[in-house]
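Participant: how would this look folded up:
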Amino acid sequence: MSRGLLNDARVAKRISDDFVPASAGIERVQPDRYGWDESAVSRWFVPMAKDAFAKFAPKGWWEEFKTYQGIYVVGADGTTYAYRVVWELPPEELLKTLDAAHAEFAKKPPAKIELTADSVRSADFHLLDPSTSAVRVFSRVRPVPDGAPEGNRGVGRDHFWVFAPEVKEILDAGGEAGASVAMPSRIAARLVRFTLLDHVRNIGHPYDESQVKRADFPMWLKSRTDERRSFAFIGTFLSERDDPENGEQGKTGVEGTIEGEFEVDVKTAKIVRWRAFASGHAWGQTDTSPPKGKYPMVWAMVEADDATARAVPPVWYGLSPVWKKIYLRPSLARDPK
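Facilitator: Numbers count the residues shown, from 1 in each chain. This next block holds a predicted model:
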C-alpha cells in the first residue's frame, strides 16, 4: 500500500469501515525472492497472488518486475476480487477499485473456512531478543516543497536496534559525568548506513561503507548512579552514491546533524530511554517520486518496548539474510570525514 494513499482520509475510512486490513512485508509473502524459507503465510499468498495477477495485473508487469507487491482485495479462502499496482495511484482510482471489489464480494462471497492462529502463523524469525534495545524511528520531508508529489507528506517508520555487547562497551568505558565516551563503531555505522535514511515514500536504500563520507558522533557521560547511566551525543553525517537513474543530479544522498541522549540500565545493559532528533537534506531516489533537488528531512527517535517493536525488525535487517548479516555487524571506512 502506498503511504501517500493512506494519507487520504477517504481511503482510510473506506478500508476501515468495509474491509479487514492486513499488510505484510513482501519478503514474508514472496520469500524465495529474498532468500528466506517458505511459511504458512507464503504458501497461502503465492497461489492467491498468481490468480490475482492473471485476472487484474497490467500486461507484462510480472515479466518486468518479478514482484507481487501491490494491494489486493481477497477472501480468506483465496478468492481474488481486485489487484492494483499502487505506484502513483490516485486515491479516486483506488476508491473505484474498492467499490467494484466490494460489490463483487457481495455477489460471490468466499467459502467459509476456519482460521486459527497456528494455521496462519509465520515463523517468528525476527522476534527481538530480550537483550536487544529497540528504538523507533520516524522520518519526514518537512516542510514539503511546493509541487512535490502527495506521497512526500507521509511519515516514514523504522526500528533501530542496539545490541547488548555494544551497550556493554559503552558501560565499560567508565568515567565521571562529563567524560568523553566513544560511540561504538557499529552503532555509528548502523545509524548512518541504515537508519538516517529517507523512508517517507518507500524504503530508502542503505549505504555501503565506502559511500559514507562523514560520520562523526561525539558522545559523553551525563550522569551515573549504581543503577543507571545517561549519555548524550551530537553528530554530523553525509552519505552519497552514484545514481545513474537520477538524471537531474546523478547522485543519491543524505546529509544532516543529530543530537540526542539515552539512558542505560546497568544491570541489564539495556537502553531504557532514547531521545534523538536529526535534520538535514536528502536528494535523489527518483524511483520513489521525491521532491526535486535537495529537499529538507527530519528524523525523530524514541525508545520502544511494545509488541510492534518486538515483532517488526528494522527494514534492512528483515529484508534478506544478506542484509541481516550486514546490519548485525556494519562497518565504516577507517576515517570518514
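Participant: check which helix or strand Pro58 maps to.
Facilitator: According to DSSP states H and E, Pro58 maps onto no helix or strand at all.
Participant: let me see the domain layout of this protein.
Facilitator: 3-120, 133-328 (automatic domain parsing).
Participant: in contact with Leu243, which residues?
Facilitator: Careful, residue 243 is Asp and not Leu. 249-252, 284-286 (C-beta atoms under 8 Å, 6 or more residues apart in numbering). Just so you know, the C-beta spots here come from the backbone N, C-alpha and C atoms, and that holds for glycine as well.
Participant: nearest to Val192 among those?
Facilitator: Thr252 (14.5 Å; C-beta to C-beta).
Participant: how about the strands in the stretch 51-200 of the chain?
Facilitator: Listed in chain order, the strands of the stretch 51-200 of the chain (DSSP state E, counting those that start in this stretch) span 71-74, 80-84, 133-141, 156-162.
Participant: tabulate the ones you listed (TSV), appending mean neighbour count and mean pLDDT.
Facilitator: Below are those laid out as TSV (neighbours: other C-beta atoms under 10 Å; pLDDT from 0 to 100):
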stretch	mean neighbour count	mean pLDDT
strand 71-74	20	96
strand 80-84	23	96
strand 133-141	22	97
strand 156-162	21	96
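Participant: neighbours of Thr236, how many?
Facilitator: 17 (other C-beta atoms under 10 Å).
Participant: what sits against it?
Facilitator: Contacts of Thr236 (C-beta under 8 Å, 6+ apart): 214, 216, 256-258.
Participant: list buried residues within these.
Facilitator: Listed as buried from the contacts of Thr236 are 256, 258; burial here means 16 or more other C-beta atoms under 10 Å.
Participant: for the contacts of Thr236, which one is nearest Lys59?
Facilitator: The closest of the contacts of Thr236, once distances to Lys59 are taken by C-beta to C-beta, is Gly256, at 42.4 Å.
Participant: which one is the closest one nearest to, not counting chain neighbours?
Facilitator: Once flanking residues are discounted, Gly256 sits nearest to Gly280: 2.0 Å by C-beta to C-beta, 6 or more residues apart in numbering.
Participant: now do Ala173
Facilitator: That would be Val181: by C-beta to C-beta, 6+ apart, it lies 4.7 Å from Ala173.
Participant: give the contact list for the one you found.
Facilitator: 170, 173, 175, 219-221, 231.
Participant: can you give me the pLDDT of the residue nearest to Asp265 when sequence neighbours are not counted?
Facilitator: Among residues not flanking Asp265 along the chain, Val272 sits closest, at 5.1 Å (C-beta to C-beta, 6+ apart). Val272 carries a pLDDT value of 97.
Participant: tell me which other helices or strands the helix or strand encompassing Val272 touches.
Facilitator: Using DSSP H and E, Val272 sits in strand 270-283. When contacts are defined as 3 or more C-beta pairs under 8 Å, 6 or more residues apart in numbering; DSSP states H and E, strand 270-283 sits against strand 133-141, helix 164-172, strand 228-242, strand 251-265, strand 295-303.
Participant: what is the orientation angle of that strand with strand 133-141?
Facilitator: In terms of direction (axes from the mean of the first three to the mean of the last three C-alpha atoms, to 10 degrees), strand 270-283 departs from strand 133-141 by 20 degrees.
Participant: buried sites along the helix or strand where Arg310 lies?
Facilitator: Using DSSP H and E, Arg310 maps to helix 307-311. Buried residues in helix 307-311, counted by 16+ other C-beta under 10 Å: 309-310.
Participant: could you pull up the mean pLDDT of the next helix or strand after that helix?
Facilitator: Downstream of helix 307-311, the next assigned helix or strand under DSSP H and E is helix 315-319. Mean per-residue pLDDT for helix 315-319: 91.
Participant: which strands and helices sit next to helix 315-319?
Facilitator: So helix 315-319, by 3+ C-beta pairs under 8 Å, 6+ apart, packs with helix 321-328.
Participant: contact partners of the helix it packs on?
Facilitator: 34-36, 161, 163, 190, 194, 206, 314, 316-318.
Participant: count the neighbours of the spatially closest residue to Lys213 that is not a sequence neighbour for me.
Facilitator: Using C-beta to C-beta, 6+ apart and skipping residues adjacent in sequence, the residue nearest Lys213 is Leu238, 4.4 Å away. By other C-beta under 10 Å, the residues close to Leu238 number 19.
Participant: hang on, isn't Leu238 packed against Glu255?
Facilitator: Yes - using C-beta atoms under 8 Å, Leu238 is in contact with Glu255, at 4.4 Å.
Participant: which residues are common contacts for these two?
Facilitator: With C-beta under 8 Å, 6+ apart, Leu238 and Glu255 have common neighbours Arg214.
Participant: for stretch 193-209, measure first residue to last.
Facilitator: Using C-alpha to C-alpha, to the nearest Å, one end of stretch 193-209 lies 7 Å from the other.
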